[in-house]
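K.L.:
have a look; sequence and predicted model below, questions after that.
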Amino acid sequence: MSALAVGAVATLGSSSGGSSIYGSAASPVFASSPSGSGAITPAALATARQITNIASSRLLPPEPRVVRSQRAAPPPPEPLATSAVSATSRFSSGLIAAPVILSALGIPEIELNAYRAAELVMMAETPRCGLPWHLLAGIGRIESGHAGGGRTDSIGTTLTPILGPLLDGRVAGNMVIRDTDGGAMDGDSVHDRAVGPMQFIPSTWAKYASDGNADGVADPNNVFDSSLAAGRYLCSGGIDLSDPHQEAAAVLRYNNSAAYVSDVITWSNAYKRGEIPTPGQLAGSTPRPPSQLADTAGDESDPADDLDTTPTPESPAPDMPLPVPADPRLPGIPGLPQLPCLIFCPPPEPAPSSPGLGAPAPAPVPSAPR
């Protein structure tokens, strides 16, 4: 028997008569024989064999682990085949219309944001100019009805191009402007035409093209881009739009029409006050033909020298439908029903008395003369 096995269960003890090996105090395993020879009993030997077998035994090897693979998602189904969209379809541009939310002034929210964004940019670029957002709104109202009532996608690009008539001189009062862009902007390679919500002709846009929504593209069909370009055009030449005289001159440079200038400024002042002008306040200029836009892209002279007095209306305005302003308490949200009172409610109003309780009877309606 090995010393390891004996040492695991036995302790060495000594006595006055000599040395002997004893088991533990709780259950003795080894005991000396009566003859004092120190022989190991059969019970102790069997226990030692069990300990030796345990010490020399080998553990079973672990079972190999099953390699598990990650469960992959099934591939997406193939898109259904669709028919080709015609060029005349309203969806042919691939743009998705953004919901039109009217502000309290009847201006679509996305157009109003474009006007205000241009005001902030010009405030940093040309603070002396003093471009107000409501002047851009007045121009946008006359030029395109605020992009056709807000028919844009979510980034402000019109769903369909807004194009003016060809500048070929066929319309009375229109100038003849030969093509300057090869038809890239206006789709015509012979004559130019005004493009976009603020109605820029290609030669003017080439000078004042702007990226108002920071998407990396200067697009005249985008309300943010065209509003910023219009602001830069109005502020060119060191003009001060806080001066009514220079403001009128700048708008006259945008469109050489006294009625146009009067209507733009009327709309601008009404928007500034949070109102909508009445038909009697307007000079009667309809959204002008874009072909009347003056081609003065390179003119950097002071526009105040071109006008001596602020234009006055040329003729009374005909009746025209005007947008009904929304409730100023909830701009852009339709009227909501009044919520019922739940806490600290006032007493209900008394019910109206019936005519039978002494109330005066309604006056008789006179008959029509015969």
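P.N.:
Arrived safely, thanks for sending.
K.L.:
can you pull the domain assignment for the chain?
P.N.:
Residue ranges of the domains in the chain are recorded as 3-56, 109-306, according to automatic domain parsing.
K.L.:
quick one, helices of the stretch 201-350 of the chain?
P.N.:
All helices of the stretch 201-350 of the chain, identified by DSSP state H, counting those that start in this stretch, fall at 202-208, 223-235, 244-254, 258-273.
K.L.:
any idea which of those is most buried?
P.N.:
helix 223-235 (a mean of 28; mean count of other CB atoms under 10 Å). Backbone N, C-alpha and C define where each C-beta goes, glycine included.
K.L.:
I'd like the average pLDDT over it.
P.N.:
Averaged across helix 223-235, the pLDDT comes to 97.
K.L.:
cool, stretch 96-113 as well?
P.N.:
Stretch 96-113 carries an average pLDDT of 82.
K.L.:
and the helices of the stretch 201-350 of the chain as TSV, adding distance to residue 97?
P.N.:
As requested, those are exported to TSV (distance: least, CB to CB, whole Å):
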stretch	distance to residue 97
helix 202-208	24
helix 223-235	14
helix 244-254	29
helix 258-273	25
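K.L.:
most tightly surrounded among the domains of the chain?
P.N.:
domain 109-306 comes out most buried of the domains of the chain by mean count of other CB under 10 Å, with a mean of 20.
K.L.:
for the closest residue to residue 167 other than its chain neighbours, give its distance to residue 142.
P.N.:
If you skip the residues right next to it in sequence, residue 167 has residue 177 as its closest partner in space, 4.0 Å away by CB to CB, 6 or more residues apart in numbering. Distance of residue 177 to residue 142, given as CB to CB, to the nearest Å: 20 Å.
K.L.:
now swap in residue 262 and tell me
P.N.:
10 Å.
K.L.:
again with residue 97
P.N.:
Per CB to CB, residue 97 is found 24 Å from residue 142.
K.L.:
what residues are up against residue 205?
P.N.:
185, 195, 220, 229 (CB atoms under 8 Å, 6 or more residues apart in numbering).
K.L.:
same thing but 7 Å
P.N.:
Going by CB atoms under 7 Å, 6 or more residues apart in numbering, residue 205 touches 185, 220, 229.
K.L.:
same check on residue 133?
P.N.:
Contacts of residue 133 by CB under 7 Å, 6+ apart are 115, 116, 119.
K.L.:
got TSV for the residues you listed, with distance to residue 271 and secondary structure too?
P.N.:
Shown next, in TSV, are the contacts of residue 133 (distance: CB to CB, whole Å; DSSP: H, G, I helix; E, B strand; the rest coil):
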residue	distance to residue 271	secondary structure
115	9	helix
116	11	helix
119	12	helix
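K.L.:
from these, pick the one nearest residue 189.
P.N.:
The closest of the contacts of residue 133 to residue 189 turns out to be residue 115 (CB to CB; 32.9 Å).
K.L.:
that closest one contacts residue 136, doesn't it?
P.N.:
Yes: Residue 115 lies in contact with residue 136 (CB atoms under 7 Å); the separation is 4.3 Å.
K.L.:
overlap in contacts, these two.
P.N.:
residue 227.
K.L.:
quick one, strands of the protein?
P.N.:
Per DSSP state E, the chain carries strands over the ranges 11-15, 18-22.
K.L.:
report the rounded mean pLDDT for the first one.
P.N.:
Taken as a whole, strand 11-15 has an average pLDDT of 42.
K.L.:
number the chain from 10, please
P.N.:
Yep, numbering from 10; the last one is strand 20-24 now.
K.L.:
can you give me the neighbour number for residue 106?
P.N.:
Applying other CB atoms under 10 Å, we find 13 residues neighbouring residue 106.
K.L.:
how near is the nearest residue to it once chain neighbours are set aside to residue 289?
P.N.:
Nearest non-adjacent residue to residue 106, counting by CB to CB, 6+ apart: residue 168, 5.7 Å away. Using CB to CB, residue 168 is found at 34 Å from residue 289.
K.L.:
ok, residue 153 next?
P.N.:
24 Å.
K.L.:
do the same with residue 128
P.N.:
Distance from residue 128 to residue 289, by CB to CB: 29 Å.
K.L.:
next: residue 151.
P.N.:
Using CB to CB, residue 151 is found at 17 Å from residue 289.
K.L.:
kindly report the same for residue 165.
P.N.:
33 Å.
K.L.:
residue 163 too?
P.N.:
Taking CB to CB, one finds residue 163 at 38 Å from residue 289.
K.L.:
and if you look at residue 200?
P.N.:
For residue 200 relative to residue 289 (CB to CB), the value is 38 Å.
K.L.:
try residue 142
P.N.:
Counting by CB to CB, the gap from residue 142 to residue 289 is 25 Å.
K.L.:
just residue 143 next, same as before
P.N.:
20 Å.
K.L.:
can you list the low-confidence ranges for the stretch 110-259 of the chain?
P.N.:
When residues are selected by pLDDT under 70, none of them lie in the stretch 110-259 of the chain.
K.L.:
try it again at 80.
P.N.:
110-113, 181-183 (pLDDT under 80).
K.L.:
residues contacting the nearest residue to residue 229 once chain neighbours are set aside?
P.N.:
Leaving aside its chain neighbours, residue 229 sits nearest to residue 205 (3.7 Å; criterion: CB to CB, 6+ apart). Residue 205 makes contact with 171, 229, 230, 235, according to CB under 7 Å, 6+ apart.
K.L.:
you'd agree the second one is up against residue 210?
P.N.:
No: the pair residue 229 / residue 210 is not scored as a contact, 9.4 Å apart, by CB under 7 Å.
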